[in-house]
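Asks: just the structure for this:
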Amino acid sequence: MQIFSNRSFQFDDPAGEQPPVIVKNGEFAAVPDWVADSTMFKLARADEDIRVIVDRQDVKAAELGKDSDAAKLEAEKAADTLAKKEADGKKAADGKG
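Replies: Down below sits the predicted model:
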């Protein structure tokens with residue numbers, strides 16, 4: 001399984017049969033499938049600190065940090081700017097601008 005981690009983690013094998021797997025902050029890593037069953041993985045995934053990589057779109061999204069608060073804020077600003085431009089254009093068309 002391929003993952004991208006926003007933080008450093010150590011995943012311990014729930015069965016205790018394999019050595020721990022360590023991933024570092026900002027790193028793509030190939031990890032054994034049992035990692036998905038570990039408590040740390042489940043918690044990290046719920047907090048969106050881990051992203052499972054399935055295809056190229058997932059890689060690109062991880063590289064760009066699309067789920068980050070900064071990206072959400074940037075998208076909201078872009079939407080506000082677009083709405084303002086549309087409103088200004090409408091005012092100008094109505095002869096009020």
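Asks: now the strands: where do they sit in the chain?
Replies: Using DSSP state E, the strands of the chain run over 2-5, 9-11, 21-23, 27-30, 50-53.
Asks: just so I know, which of the ones you listed lies nearest Ala36?
Replies: strand 50-53 (8.0 Å; C-beta to C-beta). The way it works is simple: take the backbone N, C-alpha and C, and place the C-beta from them, glycine included.
Asks: next, the buried residues of the closest one.
Replies: Using 16 or more other C-beta atoms under 10 Å as the test for burial, strand 50-53 gives Ile50, Arg51, Ile53.
Asks: the strands of the chain: which one's closest to Met40?
Replies: Closest approach to Met40 among the strands of the chain (C-beta to C-beta): strand 9-11, 5.3 Å.
Asks: now do the same for the closest residue to Gln2 other than its chain neighbours: its pLDDT.
Replies: Among residues not flanking Gln2 along the chain, Ile53 sits closest, at 3.9 Å (C-beta to C-beta, 6 or more residues apart in numbering). If you check Ile53, the pLDDT there is 91.
Asks: and if you look at the one 10 residues further on?
Replies: The confidence metric pLDDT takes the value 79 at Glu63.
Asks: from Phe28, how far out is it?
Replies: Counting by C-beta to C-beta, to the nearest Å, the gap from Glu63 to Phe28 is 9 Å.
Asks: the more surrounded of those two?
Replies: More neighbours surround Phe28 than the other of Glu63 and Phe28, with 14 against 11 (other C-beta atoms under 10 Å).
Asks: hmm, back to that, who touches the residue nearest to Gln2 in this structure?
Replies: By C-beta atoms under 8 Å, 6 or more residues apart in numbering, Ile53 lies in contact with Gln2, Ile3, Phe4, Phe28, Val59, Ala62.
Asks: tell me which two of those residues sit farthest apart.
Replies: Pairwise over the contacts of Ile53, using C-beta to C-beta, the maximum falls at Ile3 and Val59, 11.1 Å.
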